[in-house]
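with the sequence up front, the predicted model follows.
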Amino acid sequence: MNFDTVQILARTIYGEARGEYFHSEGGLASLIAVGNVVMNRYKIQNWFGKSIKEICHKPAQFSCWNEGDPNRHILLQKYIEDPIFQICQEVALKVIEQQWPDLTKGSDHYHAAKLKVYPPWARGRTPKVRIANHLFYQLGIGD
């Protein structure tokens, strides 16, 4: 597996879900679930992108990569010395190699459950699953 691909996915998982790792209902499942969403988008091969890197870096899809997001500067560092990042690297590799199950039940979108206003694409839709503080949806389209 391409080292860059694993790093991009690991950094996305870290930026999106590292805080969920210590949540009583989250743990490793929270990290795996973000990886599952990226891989489900990869399987679709539509406007999300044709590679894991394209999918993770697509504007306005994973907030941790957005300009101005407080996580972005951490993700752009050459080395991330947080032990949770080491776990994210392992999760990324195992998700790519399909060694983890799809905990999201095919979901290709998610958002924080605590949002006061849900994203337009989530309104009127039922989540497939909730993992810690994230709600996961299977849209199968590029909303």
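Noted; the coordinates are in hand.

from here on, just use CA atoms for contacts and neighbour counts.
Will do.

and residue 107, that's in a strand?
No: secondary structure of residue 107 (DSSP: H, G, I helix; E, B strand; the rest coil): coil, not part of a strand.

phi, psi for it please.
For residue 107, the backbone dihedrals (degrees, to the nearest 10) come out as phi -70, psi 140.

could you measure from it over to residue 76?
Between residue 107 and residue 76 the distance is 27 Å, computed by CA to CA, to the nearest Å.

please look at residue 20 and residue 132 and confirm they touch.
Yes: under the criterion of CA atoms under 8 Å, residue 20 lies in contact with residue 132, with a separation of 6.7 Å.

joint contacts of those two?
Shared contacts of residue 20 and residue 132, defined by CA atoms under 8 Å, 6 or more residues apart in numbering, comprise 26, 30.

more neighbours: which of residue 107 and residue 76?
More neighbours sit around residue 107 than around the other of residue 107 and residue 76, counting by other CA atoms under 10 Å; the figures are 25 against 12.

now the more buried one, nearest residue through space, not along the chain?
residue 138 (3.9 Å; CA to CA, 6 or more residues apart in numbering).

for residue 69, same thing?
residue 63 (6.8 Å).

list the contacts of the helix or strand bottoming out on mean pLDDT in the chain.
Taking mean pLDDT, DSSP states H and E as the measure, helix 72-75 is the helix or strand of the chain with the lowest mean score, a mean of 83. Outside of helix 72-75, the residues within contact range by CA under 8 Å, 6+ apart are 11, 12, 15, 64, 65, 66, 80.

next structured bit after it?
Of the helices and strands lying after helix 72-75 in sequence (DSSP states H and E), the nearest is helix 83-96.

elements contacting that following helix?
If you count contacts as 3 or more CA pairs under 8 Å, 6 or more residues apart in numbering; DSSP states H and E, helix 83-96 packs onto helix 3-17, helix 28-44.

neighbouring contacts of that helix?
Contacting residues not belonging to helix 83-96 are listed as 6-7, 9-11, 13-14, 18, 31-32, 35-36, 39, 100-101 [CA under 8 Å, 6+ apart].

fine by me, we can end here.
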